[in-house]
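**Q** prediction below, plus the sequence it came from.
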Amino acid sequence: MILLGLFWLVLLLGPIPVGAHDFSAADQYFANRENNLSNLKRAEDLYQDALNQVAGQDLLYAVQQLGKIYYYWGELLTPEDKKDVRKSIFGRCRAMVERIHPNIVGDNAAYSYWKSTCFAFWVKSATTPEVMGVRDELLAALREGLSRWDNYEEGGIHRTAATVYMCRNSERDEHFVGLYDENKASYHIHQALEKDQNKKHYCAHLLKAEVLLARGKREDAQEWLEESKMELDQRIASNQLPCDALAESKAVSILMAAFLSTL
C-alpha cells in the first residue's frame, strides 16, 4: 500500500525537477576555497544542508561537491600528522557518500568512487584495529569501482587504488593488514596517468614519486617529481589548467616541493 501511495504521489506531483535547488551560495564559497578553511566550512555546511532537501541529479551534485571539499581540505591542506583532524574530515566524507547508495538513487559511478576515496584517505590516518574493521568493505568498494567505473574522473578509481596500496602506519613503518602492495600501487598509478589525458590530476604524479621511492628508485623519483613540478608550475603560471582544478593543483605543487626537500 505504501508503494502504491508513492506511485500515485509521483503521478500527481510529476517527476522531480533536475537542477531545481539553488546552489549559488555554496558554489560561490567553493569557488573561493583556495587555502581558505572558512570558505570551505561554509560551502560544506550549505551542501550538507542541501542533502536533506534534494534528490536526483541535485543530490549527486551535492555529494560530489562535498567529496571535492573533503579531499582538498583533508588530504591537501591538512598535514599527515594531524590524524584526528583528517579522520574527522574523512569520517564526514564516509557518512555523506551513503546518501547516494545505489539502493537510494540507482546505479551510479559517483558512489563507488567517493566511497573508495573517502575510505582510502580515512585509512591513512587510522590505527591498525580501525583499518581491520573497514578493510573488507574498502576493498569491495574498490573492486566494484575498478571493474565498472575505471574511466570515471579521468581514472580516479586508479588514483584511489594506488593510495590504498601505499597505505602503511608511518609511526611504526608497519604494512596495514595486507593492504600495502608496491606492485599493485605501481600498476594503478600507471593506469591513472594514462587515463588522465588532459593532465588535470597532478596528485597522480606525486603518487608515482612515492611509489618509485618505495621501490628504492630514489633518483628516478626525484627526476620524475622535478619534471612534474616544473610542468605543473608552468601550467599554473600560464593559466593552462581547468579552473576547477587550480586550487588543488597549487596545493599539490607545495606538497611536491616538500617531498623534493626530503630526497
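**A** Sure, I can see it.
**Q** what count of nearby residues applies to the spatially closest residue to Leu225 that is not a sequence neighbour?
**A** Leaving aside its chain neighbours, Leu225 sits nearest to Ala209 (4.3 Å; criterion: Cβ to Cβ, 6 or more residues apart in numbering). All C-beta spots, glycine's among them, are computed from the backbone N, C-alpha and C. Neighbour count for Ala209, taken as other Cβ atoms under 10 Å: 25.
**Q** which ones are touching Ala209?
**A** Going by Cβ atoms under 8 Å, 6 or more residues apart in numbering, Ala209 touches Ala221, Gln222, Trp224, Leu225, Ser228, Met256, Phe259.
**Q** try Trp114
**A** Counting by Cβ under 8 Å, 6+ apart, Trp114 makes contact with Val63, Gln64, Gly67, Cys93, Val97, Ile100.
**Q** so can I have TSV of these showing pLDDT?
**A** Listed next are these as TSV, based on pLDDT from 0 to 100:
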residue	pLDDT
Val63	96
Gln64	95
Gly67	97
Cys93	97
Val97	96
Ile100	95
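**Q** and the furthest pair within the residues you listed?
**A** Using Cβ to Cβ, the two most remote members of the contacts of Trp114 are Cys93 and Ile100, lying 12.5 Å apart.
**Q** of the two, who's got more company?
**A** Remark: of Cys93 and Ile100, Cys93 carries more neighbours, 24 against 21, as counted by other Cβ under 10 Å.
**Q** the nearest residue to Thr163 once chain neighbours are set aside: neighbouring residues, count only.
**A** Once flanking residues are discounted, Thr163 sits nearest to Ala120: 4.7 Å by Cβ to Cβ, 6+ apart. As a burial measure, Ala120 scores 24 neighbours (other Cβ under 10 Å).
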